[in-house]
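> how would this look folded up:
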Amino acid sequence: MIDKPAGPTSHDVVARVRRIFNTRKVGHTGTLDPFATGVMVVLVGKATRLARFVDKDVKEYEAVIRFGIATDTGDLTGKPIGEPQRHNITAAEIDNVLAGFRGEIMQVPPMYSAKKVDGRKLYELARRGEEIERSAVQVTIHEAEVVSAGNEPSEIQRLRVRCSAGTYIRTLAEDIAKALGTAAHLTELRRTVSGQFSLVQSATLDALSEAGEPSEYVLPVEMLVEHLPRFVLKQDRVQKTLDGMSTRVFDRIFDAGETVAMFSLKDELVAVGTYHADENSIRPILVLGGSK
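The predicted structure follows:
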């Protein structure tokens with residue numbers, strides 16, 4: 001896990017990790033805007049093959065909102081747009097409108113985003129001065145609270161948001177401001193949680209590059225599938241699983257079509273498979289091997 005600094009793009013982070021580990025096999029499971037910081041799940045080596053199975057649903061952020069001024073990007077990297085509006089907002093005022101943003105809500109993706117519409121990235125169109133119609137998408141705000149100290153009116157307020165993947169915090173800040181009759185943009189955004197990973201497990205790029213053995217910062221590949229139901233193979237089934245053969249299940253029933261992490265007796269991830277209820281077996285769909 002990387003604790004991304006402000007400035008570089010997610011692509012830049014991947015490029016630097018490739019240089020540090022001297023390998024092309026590096027990927028990530030979710031971008032962060034250049035100005036944003038925090039948890040970025042970066043996969044190295046055979047872990048890149050597990051990207052589609054990584055738990056990416058829940059994210060948590062700390063966001064600093066500046067009220068009174070909107071920008072064309074929704075953050076501090078953009079140009080101010082419109083007239084300055086009321087900027088002194090209290091935490092209590094934000095609390096009063098937050099209830100309307102918890103749970104399932106609809107969001108219109110911002111133009112300055114990597115979302116594709118008809119095969120075109122929105123931010124590429126935005127940089128050319130184009131704006132197109134975007135359909136609202138459903139996202140879930142699990143938790144949202146003001147974490148600013150005190151209740152004095154201020155143009156700067158800090159929020160903690162726990163949400164589903166695909167939520168745009170810039171858009172959330174703008175919509176909260178609209179509910180308060182004003183405008184806003186983000187000045188800071190820090191991702192503190194991504195799926196089952198947090199800042200506690202993350203290393204900075206500098207720490208990684210300065211380490212004598214950067215691999216000491218690499219988490220076990222098995223952690224990527226901790227959220228999946230687990231099945232332990234008998235020793236005589238390990239090689240058969242690596243060869244793509246199914247394994248019958250006698251003492252446990254999974255849900256039909258459920259994705260299952262298949263481990264060896266040595267607690268090594270051998271494969272990821274799918275449970276087939278009609279034959280009561282797990283069929284591997286991705287094999288990794290039983291040795292690290």
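> drop to CA atoms for contacts and neighbour counts, all remaining ones
Noted.
> For the stretch 151-292 of the chain, which segments are assigned as helices?
169-179, 205-210, 235-242 (DSSP state H, counting those that start in this stretch).
> Out of those helices, which is the most enclosed?
helix 169-179 (a mean of 20; mean count of other Cα atoms under 10 Å).
> re the thing from before, mean pLDDT and distance to residue 37 for the helices of the stretch 151-292 of the chain - can I get that in CSV?
As requested, the helices of the stretch 151-292 of the chain are exported to CSV (pLDDT from 0 to 100; distance: least, Cα to Cα, whole Å):
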stretch, mean pLDDT, distance to residue 37
helix 169-179, 97, 13
helix 205-210, 93, 12
helix 235-242, 95, 39
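> would you turn those into TSV with distance to residue 40?
Shown next, in TSV, are these (distance: least, Cα to Cα, whole Å):
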stretch	distance to residue 40
helix 169-179	16
helix 205-210	11
helix 235-242	30
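> can you tell which of those helices is closest to residue 117?
helix 169-179 (17.6 Å; Cα to Cα).
> Can you work out which other helices and strands pack against that closest one?
strand 58-67, helix 91-98, strand 184-194 (3 or more Cα pairs under 8 Å, 6 or more residues apart in numbering; DSSP states H and E).
> For residue 9, find the nearest of these.
strand 184-194 (13.9 Å).
> about what we covered before: looking at the helices and strands packed on helix 169-179, which is closest to residue 19?
Of these, the one closest to residue 19 (Cα to Cα) turns out to be strand 184-194, at 24.1 Å.
> before we move on, the earlier item: which one of the helices of the stretch 151-292 of the chain lies nearest to residue 91?
Nearest to residue 91, of all the helices of the stretch 151-292 of the chain, is helix 169-179, at 12.0 Å by Cα to Cα.
> With only the CA atoms kept, save that closest one in PDB.
Extracted as PDB, the C-alpha positions of helix 169-179 are listed here (Å, rounded to 0.1, in the frame of the first residue of the first chain):
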ATOM      1  CA  ILE A 169     -16.100  13.900  -2.800                       C
ATOM      2  CA  ARG A 170     -15.700  17.100  -4.800                       C
ATOM      3  CA  THR A 171     -19.200  16.700  -6.000                       C
ATOM      4  CA  LEU A 172     -20.400  15.900  -2.500                       C
ATOM      5  CA  ALA A 173     -18.800  19.100  -1.200                       C
ATOM      6  CA  GLU A 174     -20.400  21.200  -4.000                       C
ATOM      7  CA  ASP A 175     -23.800  19.700  -3.300                       C
ATOM      8  CA  ILE A 176     -23.500  20.300   0.500                       C
ATOM      9  CA  ALA A 177     -22.600  23.900  -0.300                       C
ATOM     10  CA  LYS A 178     -25.700  24.200  -2.600                       C
ATOM     11  CA  ALA A 179     -27.900  22.900   0.200                       C
END
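> Quick one: the helices and strands packed on helix 169-179 as CSV, columns for mean pLDDT too.
Converted to CSV, the helices and strands packed on helix 169-179 look like this (pLDDT from 0 to 100):
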stretch, mean pLDDT
strand 58-67, 97
helix 91-98, 95
strand 184-194, 97
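> for those, which one sits closest to residue 23?
strand 184-194 (24.3 Å).
> who does that closest one touch, helix- and strand-wise?
Going by 3+ Cα pairs under 8 Å, 6+ apart, strand 184-194 lies up against strand 37-40, strand 58-67, strand 70-71, helix 169-179.
> quick one on the thing from earlier: now the helices and strands packed on helix 169-179 in TSV, with mean neighbour count?
Output for those, formatted as TSV (neighbours: other Cα atoms under 10 Å):
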stretch	mean neighbour count
strand 58-67	23
helix 91-98	15
strand 184-194	24
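> right, and these - which one's nearest residue 144?
Comparing these by their distance to residue 144 (Cα to Cα), the top pick is helix 91-98, with 7.0 Å.
> Local confidence estimate at residue 289?
Here, the pLDDT recorded for residue 289 equals 65.
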